[in-house]
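In: coordinates for the following, if possible.
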Amino acid sequence: MPRKATPKKRRKPRKKVEKKRVKPKPRKIEEIPLKISFGPAGKPIGFRGDTSKVPEALREMGLNALEIQQVRQINIKKEQALIIREEAEKNNVILSMHGPYAINFSAEKQEVIEASQARLLKALELADWLGAYVVVFHPGYYGRREPRQALEVAIESLSIVAEEAKKKGIKAKIGPEITGKKSQLGDLDEIIEIVKAIPNSMPVIDFAHLHARCNGCLEERKDYEKIFEKLESELGSNAFNPMHIHFSKIEYSEKGERRHHIFGDGFGPKFIPLAQILIEQDIRAVIISESPILEQDALKMKRIIIELLKGKKPEELEHYE
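Out: Numbers count the residues shown, from 1 in each chain. As a prediction, this is how the structure comes out:
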């Protein structure tokens, strides 16, 4: 007998498996590549310990710059400097250094100028041991000199330091800073003149000091644009390789700087217009916070930059200011 054909089993239709869209995890602040580095002027608030441990602490916070403060006296020895350098390199923290306040290259007394030369040269030598790329300092005071004469004396005095540093093979740059008091040598034009005259130097743009010197002139983006245009036309790439910036909020009087303030205290200058220019012009910069809460405002500035890069509108970030 012929076999009965066994009926074929009907296959059950396969259920369509909808692939779930995996939402990309939001990138952490430290994962977004930046040409801008952020850090404090000195040890973070509340940090207790040796300076060599600061780079690791900063990395853990999400910061990658440190301006070592040697403003009272230069007291870091070579052996310690080399350890700090190693730790900074290990933690990808870029180092700069602030030299002594007791510097006056436009002094009326020659012995004061000579002592200033010795202090800056010693600071530059330490910076080389540290691997710090610039030594920041305040150039001097007008005193009884006319501003132009004070500038010329300072340039002549600094030329000797630059020559000695070159003989010693020092790579760290000489970094005259815009000063905050109107009695001090160091407005924007004077800093530009010094940098044009002194080999291996770069400007240090302290926007809080500049704001105080010019009675609150940094209000809008166009105010910052004028500064960038002047730096570009006068100094070219020397001003932006990298651009060394000090930033905080500041209180001032008719004499200039009074005291630094934190973000949110209601003082200028505004940071957001500066942040926009740095991003749009793709400028490599190191931004050092001189706020009373150092690293906290450094992180706030970094957050503003990140949010702008993510597409946030400036008006949405005003609450940070």
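In: give me the residues contacting the helix or strand in which M97 is found.
Out: Following DSSP states H and E, one finds M97 within strand 94-98. The contact list for strand 94-98 (Cβ atoms under 8 Å, 6 or more residues apart in numbering) reads 37, 39, 41, 64-71, 84-85, 88, 123, 126-127, 130-137, 172, 175, 244, 286, 288. (Each C-beta comes from the backbone N, C-alpha and C, glycine too.)
In: please write out the alpha-carbon positions of the helix or strand following it in CSV.
Out: Downstream of strand 94-98, the next assigned helix or strand under DSSP H and E is helix 110-130. Only the C-alpha atoms of helix 110-130 are listed here, as CSV (Å, rounded to 0.1, in the frame of the first residue of the first chain):
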residue,chain,number,x,y,z
GLN,A,110,69.4,100.0,40.9
GLU,A,111,69.8,97.5,43.8
VAL,A,112,66.0,96.8,43.6
ILE,A,113,66.3,96.1,39.9
GLU,A,114,69.3,93.8,40.4
ALA,A,115,67.5,91.9,43.2
SER,A,116,64.4,91.5,40.8
GLN,A,117,66.7,90.2,38.1
ALA,A,118,68.2,87.6,40.5
ARG,A,119,64.7,86.5,41.7
LEU,A,120,63.3,86.1,38.2
LEU,A,121,66.4,84.2,37.0
LYS,A,122,66.1,81.9,40.0
ALA,A,123,62.4,81.4,39.2
LEU,A,124,63.1,80.6,35.6
GLU,A,125,65.7,78.0,36.6
LEU,A,126,63.2,76.3,39.0
ALA,A,127,60.5,76.4,36.2
ASP,A,128,62.9,74.5,34.0
TRP,A,129,63.4,71.8,36.6
LEU,A,130,59.6,71.6,37.0
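In: next, the angle from helix 110-130 to strand 94-98.
Out: With axes from the mean of the first three to the mean of the last three Cα atoms, to 10 degrees applied, the angle from helix 110-130 to strand 94-98 works out at 160 degrees.
In: so what does helix 110-130 touch, helix or strand wise?
Out: helix 78-90, strand 94-98, strand 134-137, helix 147-167 (3 or more Cβ pairs under 8 Å, 6 or more residues apart in numbering; DSSP states H and E).
In: next, the angle from it to helix 147-167.
Out: Using the same axes, to 10 degrees, helix 110-130 lies at 40 degrees relative to helix 147-167.
In: buried residues, helix 110-130. List them.
Out: 112-113, 115-117, 119-130 (16 or more other Cβ atoms under 10 Å).
In: repeat for stretch 295-313
Out: 295-302, 304-308.
In: ramachandran angles for V286?
Out: Here is the backbone geometry of V286 (degrees, to the nearest 10): phi -120, psi 120.
In: correct me, but it touches I245?
Out: Yes. The criterion here is Cβ atoms under 8 Å, and V286 meets it with I245 at 6.7 Å.
In: quick one: pLDDT of the nearest residue to S116 once chain neighbours are set aside?
Out: Computed as Cβ to Cβ, 6 or more residues apart in numbering, the closest residue to S116 that is not its neighbour in sequence is I103, at 4.4 Å. On pLDDT, I103 comes in at 98.
In: what sits against I103?
Out: S116, R119, L120, F137, H138, P139, G140.
In: could those residues go into CSV alongside distance to H211 and pLDDT?
Out: Listed next are these as CSV, based on distance: Cβ to Cβ, whole Å; pLDDT from 0 to 100:
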residue, distance to H211, pLDDT
S116, 27, 98
R119, 28, 98
L120, 26, 98
F137, 20, 98
H138, 17, 98
P139, 19, 98
G140, 21, 98
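In: want to try CSV for the residues you listed, with distance to E108 as columns?
Out: What follows is the contacts of I103, written out as CSV (distance: Cβ to Cβ, whole Å):
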residue, distance to E108
S116, 13
R119, 18
L120, 18
F137, 19
H138, 17
P139, 15
G140, 10
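In: quick one: the strands in the stretch 151-300 of the chain?
Out: 173-176, 184-185, 204-206, 243-247, 249-253, 256-261, 285-289 (DSSP state E, counting those that start in this stretch).
In: which of those strands sits closest to R48?
Out: The closest approach between R48 and any of these, judged by Cβ to Cβ, belongs to strand 285-289 at 19.4 Å.
In: quick one: list the elements packing against that closest one.
Out: Going by 3+ Cβ pairs under 8 Å, 6+ apart, strand 285-289 lies up against strand 36-40, strand 65-69, strand 94-98, strand 243-247, helix 294-309.
In: one more time with 10 Å, if that's ok
Out: Other elements packing on strand 285-289 under the criterion 3 or more Cβ pairs under 10 Å, 6 or more residues apart in numbering; DSSP states H and E are strand 36-40, strand 65-69, strand 94-98, strand 204-206, strand 243-247, helix 272-280, helix 294-309.
In: closest one to R148 among the ones you listed?
Out: Between the helices and strands packed on strand 285-289, strand 204-206 lies closest to R148; by Cβ to Cβ that is 21.6 Å.
In: what mean pLDDT does the closest one get?
Out: For strand 204-206, mean pLDDT is 98.
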